[in-house]
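I'll drop the sequence and a predicted model, then ask my questions.
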Amino acid sequence: MLRIYGSPKSRALRTLWMVGELGLAYDHKDYLPRAPETKTPDYRALNPNGRVPTIDDDGFILSESMAINFYLAKKHGSSLYPADPQHEAAAWQWSLWETDRLDRQIVNYVRHSKELPEGERKKDVADSAWKEIVESFDVLETALAKSQWLAGPAFSVGDLNVASALYRALSLDLAKWPHVQAWLNRCWERPAAKKARAMRE
Ligand SMILES: N[C@@H](CCC(=O)N[C@@H](CS)C(=O)NCC(=O)O)C(=O)O
């Protein structure tokens, strides 16, 4: 049995979207980030980082949301895992790129401009995150102006990983990046995406 550790209000959202795409049954440990359950010796044995998500797939333990999604798509023979090595590499490229260029930046920007109580917001954190987001969205816009999807001719784990990581961008004005906006909408219109999002909201 597949067990997923992590609340939909965390990066486990990405895993929950993927299992929805694959139609997998799973047991869910709905742990919030930094919740006491993530600090126990038992959980630390699964994920020494104490973070979520983590999966236990019949004893195979894996963390890192993007790696989990590649593993699940490949293991279950899904068409979301590109068969063509170049498309596969592009899916990895965009997933790694997102982790470096947008993952924390989006969280920092939205938290420090909207989500945190006003007294806790830091303008310098929001401003420097936004500067990096603009540069990265320009890169994404150029790529998506040439192709509907990030890794080959169809929606893949590459799109899922990047679009799910951009959950907070759904609340931003993306008019300056029309191809990013249209692609993000296409991805989040998928039934499995809507289902995962409903678990969070
Ligand atoms: N790169 C990791 C990041 C995991 C991560 O930072 N998860 C957050 C929740 S979204 C967490 O558990 N934070 C707890 C902490 O910072 O102590 C992934 O993509 O899985």
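Done, it's in.

Report the contact partners of Lys114.
Neighbouring residues of Lys114 by Cβ atoms under 8 Å, 6 or more residues apart in numbering: Ser171. All C-beta spots, glycine's among them, are computed from the backbone N, C-alpha and C.

would you say it is within a helix?
Yes. Under DSSP: H, G, I helix; E, B strand; the rest coil, Lys114 sits within a helix.

how about Pro33, secondary structure?
Pro33 is classified as coil under three-state DSSP.

pretty sure it contacts Pro8?
No. With contact defined as Cβ atoms under 8 Å, Pro33 does not reach Pro8; the gap is 11.6 Å.

Looking at those two, which is more packed in?
Pro8 (24 against 14; other Cβ atoms under 10 Å).

Relative to the ligand, how far out is the residue nearest the centre of the chain?
Computing the C-alpha centroid of the chain and ranking residues by Cα atoms, centre = their mean puts Ala165 first, at 3.0 Å. Separation of Ala165 from the ligand (Cβ to the nearest ligand atom, to the nearest Å): 8 Å.

can you pull the pLDDT of the residue nearest to that residue when sequence neighbours are not counted?
Setting aside the residues directly before and after it, Ala165 is nearest to Glu98 in space (Cβ to Cβ, 6 or more residues apart in numbering), at 5.1 Å. For Glu98, the model assigns a pLDDT of 98.

which residues does Glu98 contact?
Glu98 makes contact with Met66, Asn161, Val162, Ala165, Leu166, according to Cβ under 8 Å, 6+ apart.

Okay, helices next: where are they in the protein?
12-22, 41-46, 65-75, 85-101, 103-110, 123-146, 157-165, 178-188, 191-200 (DSSP state H).

Look at Ser95 and report its pLDDT.
On the pLDDT scale, Ser95 is placed at 98.

Could you check how far the closest residue to Val162 other than its chain neighbours is from the ligand?
Leaving out its chain neighbours, the residue that sits closest to Val162 by Cβ to Cβ, 6+ apart is Glu98, at 4.6 Å. Counting by Cβ to the nearest ligand atom, the separation of Glu98 from the ligand is 10 Å.

burial measure for Asp42, as a count.
Other residues close to Asp42 by other Cβ under 10 Å number 7.

try Thr40
12.

State the distance from the residue of the chain most remote from its centre to His112.
Distance from the C-alpha centroid of the chain, by Cα atoms, centre = their mean, peaks at Gly119 (28.4 Å). Going from Gly119 to His112 by Cβ to Cβ, to the nearest Å gives 12 Å.

got the residues of the chain near the ligand?
Within the chain, the positions adjacent to the ligand are Ser10, Arg11, Pro33, Arg34, Gly50, Arg51, Val52, Pro53, Glu64, Ser65, Met66 by Cβ under 6 Å from any ligand atom.
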